[in-house]
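>>> dropping the sequence and predicted coords here.
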Amino acid sequence: MIALARRHYPTVRFEMMDLRALSLPGQDLPLAGVWLNGSLSHLPPETWPWVVQRLYELLQPGGVVFVRGEQGSREV
């Protein structure tokens, strides 16, 4: 999906990030947007508050976050 996005929007930067680290080595943040499509369900629920807080810290003012979970797979 990232390759497709890069082809359609070559002037926009797209990265795949590890939710356990949430940083891009040597790069200045903030992020304009974050797309989590079922990603949180791959992490232990006790890490979710840290992930959400870290995403908030990394977003630029007015940045956008999309989060989709899997219905019924985890308690939120």
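Cool, the structure landed.

>>> all strands of the protein, in order?
31-37, 59-68 (DSSP state E).

>>> top helix in this protein by residue count?
helix 48-58 (DSSP state H).

>>> what's that helix in contact with?
19, 22, 29, 30, 31, 34, 40, 43, 65 (C-beta atoms under 8 Å, 6 or more residues apart in numbering). (Glycine included, C-beta is placed from N, CA and C.)

>>> give me the pLDDT for the fifth one.
Reading off the confidence values, residue 31 has pLDDT 84.

>>> isn't it right next to residue 60, touching?
Yes: shown here, residue 31 and residue 60 form a contact pair, counting by C-beta atoms under 8 Å, at 6.6 Å.

>>> quick one: which of the two has more around it?
Higher neighbour count among residue 31 and residue 60: residue 31, with 18 against 11, using other C-beta atoms under 10 Å.

>>> quick one: mean pLDDT over stretch 68-76.
In the prediction, stretch 68-76 has an average pLDDT of 64.

>>> now swap in stretch 1-16 and tell me
Stretch 1-16 comes out at a mean pLDDT of 89.

>>> quick one: it to chain centroid distance?
15 Å (C-alpha atoms, centre = their mean, to the nearest Å).

>>> just the C-alphas of that stretch, formatted as CSV.
Extracted C-alpha coordinates of stretch 1-16, given in CSV (Å, rounded to 0.1, in the frame of the first residue of the first chain):
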residue,chain,number,x,y,z
MET,A,1,0.0,0.0,0.0
ILE,A,2,2.9,2.4,0.7
ALA,A,3,4.3,1.8,-2.7
LEU,A,4,1.0,2.6,-4.3
ALA,A,5,0.6,5.8,-2.2
ARG,A,6,4.1,6.9,-3.2
ARG,A,7,3.4,6.4,-6.9
HIS,A,8,0.2,8.4,-6.7
TYR,A,9,1.6,11.1,-4.4
PRO,A,10,5.3,11.4,-5.1
THR,A,11,5.8,14.6,-3.2
VAL,A,12,4.4,13.2,0.0
ARG,A,13,6.5,11.2,2.4
PHE,A,14,5.1,7.8,3.4
GLU,A,15,6.8,5.5,6.0
MET,A,16,6.0,2.2,7.7
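
>>> sorry, back to before: in the longest helix of the chain, what's buried?
51, 54, 55, 58 (16 or more other C-beta atoms under 10 Å).
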